[in-house]
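*Asks:* A structural model of the following input is requested.
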Amino acid sequence: MSKNQEHQEKIQRRCLDVIKDNISEKDCFGLSNSHYSEFKRWLSEAKPNVETNKFPDFVISDGFIEHFEVTSSLENKSGSEQKRKSSIFKENSKKDFLSKLNNSEDETLVSRSYERELEGHSYSNLVKSIKKNFKKHIDSYHKSKTVFEDRIFLIEHTDVNLQTAVLREKEPAEVFNSYKISTDKEMLEWVYRYKEKLDYLIFVNPFVLSIEVIRVKNIPEFKDRIPKSRYESTIAIEAHEFMNLKIFN
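*Replies:* A predicted model of the protein is given here:
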């Protein structure tokens, strides 16, 4: 297994562990009590696919859990623009810190922090990312030519640049510090098109501990009760801090 594959598997395992350790019935939409119990059993028995390069990422007794990431940043053929810029920023910050450490003439504790504002995030970018990656993994499912009884997509959103405001008449807006797919009627209607191909959708943001589990074929049962919602980008800062003690021999 390559280092990149090992890294990706760690991300997938960590994401699944966050859900197993924190899920509750309030996070579920369109699930009965029996569905919820069955779903928790699937999470506990999920095992990584031994064929790491093939669909799916996790296998359960009669089904699969397929993980993929989405972003509210701009995306190109190489993926998230934010991830690319963040990688460059972190590397340049580290180089600058090491340069200042090497140029220090005293035995001292050297520390330095670097910050930048994260830009280019929007709700429309996230919608595009969800649809593009969703279709890609549906295609992977078809190409696998395997029949599964229980089919689950696990979508991980790791950005913290969108907020959800749920608007109810004569009540203050309820604001969440992440995108909530369970409040998005248009997106739910789009997901419902795949009810014959997908049974459950998990949408998780591990950084703000937001978990949503949706039983796809039951979306009409709760969709019309969803209040109007808005999704707005927020200001977010990326920061790195380096510290080292310089000692002369």
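
*Asks:* Tell me where the model's unsure across this protein.
*Replies:* Under the criterion pLDDT under 70, the flagged ranges of the chain are 1, 76-86, 89, 101, 104-110, 114, 116-120, 235-238, 240, 245-249.

*Asks:* Strands along that one, start to end?
*Replies:* 28-29, 47-48, 58-60, 63-70, 75-76, 79-80, 108-118, 150-157, 162-167, 174-176, 200-205, 210-215, 228-233, 236-246 (DSSP state E).

*Asks:* partners of the second one, with directions?
*Replies:* I take that to be strand 47-48. strand 58-60 (antiparallel) (DSSP bridges).

*Asks:* and what of the first one?
*Replies:* The sheet places strand 28-29 alongside strand 210-215 (parallel), with pairing taken from DSSP bridges.

*Asks:* Between strand 150-157 and the strand it pairs with, find me the angle.
*Replies:* With axes from the mean of the first three to the mean of the last three Cα atoms, to 10 degrees as the basis, strand 210-215 and strand 150-157 are set at 150 degrees to each other.

*Asks:* Now find how far off-centre strand 210-215 is within its chain.
*Replies:* Once both centres are worked out by Cα atoms, centre = their mean, to the nearest Å, strand 210-215 turns out to sit 12 Å from its chain's centre.

*Asks:* again, but for stretch 2-9
*Replies:* That offset, for stretch 2-9, works out to 17 Å (Cα atoms, centre = their mean).

*Asks:* Alpha carbons only: can I get it in PDB?
*Replies:* What follows is stretch 2-9 as a C-alpha-only set of coordinates in PDB (Å, rounded to 0.1, in the frame of the first residue of the first chain):
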ATOM      1  CA  SER A   2       1.400   3.400  -1.000                       C
ATOM      2  CA  LYS A   3       1.800   6.300   1.600                       C
ATOM      3  CA  ASN A   4      -1.100   8.100  -0.100                       C
ATOM      4  CA  GLN A   5      -3.400   5.100   0.200                       C
ATOM      5  CA  GLU A   6      -2.400   4.700   3.900                       C
ATOM      6  CA  HIS A   7      -3.100   8.400   4.500                       C
ATOM      7  CA  GLN A   8      -6.500   8.100   2.800                       C
ATOM      8  CA  GLU A   9      -7.400   5.000   4.700                       C
END
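
*Asks:* JSON lines please, covering the strands of the chain and showing mean neighbour count and distance to E221.
*Replies:* Placement of C-beta: from N, CA and C, glycine included. Formatted as JSON lines, the strands of the chain follow (neighbours: other Cβ atoms under 10 Å; distance: least, Cβ to Cβ, whole Å):
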{"stretch": "strand 28-29", "mean neighbour count": "21", "distance to E221": "9"}
{"stretch": "strand 47-48", "mean neighbour count": "12", "distance to E221": "31"}
{"stretch": "strand 58-60", "mean neighbour count": "19", "distance to E221": "24"}
{"stretch": "strand 63-70", "mean neighbour count": "21", "distance to E221": "22"}
{"stretch": "strand 75-76", "mean neighbour count": "14", "distance to E221": "33"}
{"stretch": "strand 79-80", "mean neighbour count": "17", "distance to E221": "34"}
{"stretch": "strand 108-118", "mean neighbour count": "13", "distance to E221": "37"}
{"stretch": "strand 150-157", "mean neighbour count": "22", "distance to E221": "19"}
{"stretch": "strand 162-167", "mean neighbour count": "18", "distance to E221": "19"}
{"stretch": "strand 174-176", "mean neighbour count": "14", "distance to E221": "21"}
{"stretch": "strand 200-205", "mean neighbour count": "24", "distance to E221": "14"}
{"stretch": "strand 210-215", "mean neighbour count": "21", "distance to E221": "9"}
{"stretch": "strand 228-233", "mean neighbour count": "16", "distance to E221": "18"}
{"stretch": "strand 236-246", "mean neighbour count": "13", "distance to E221": "35"}
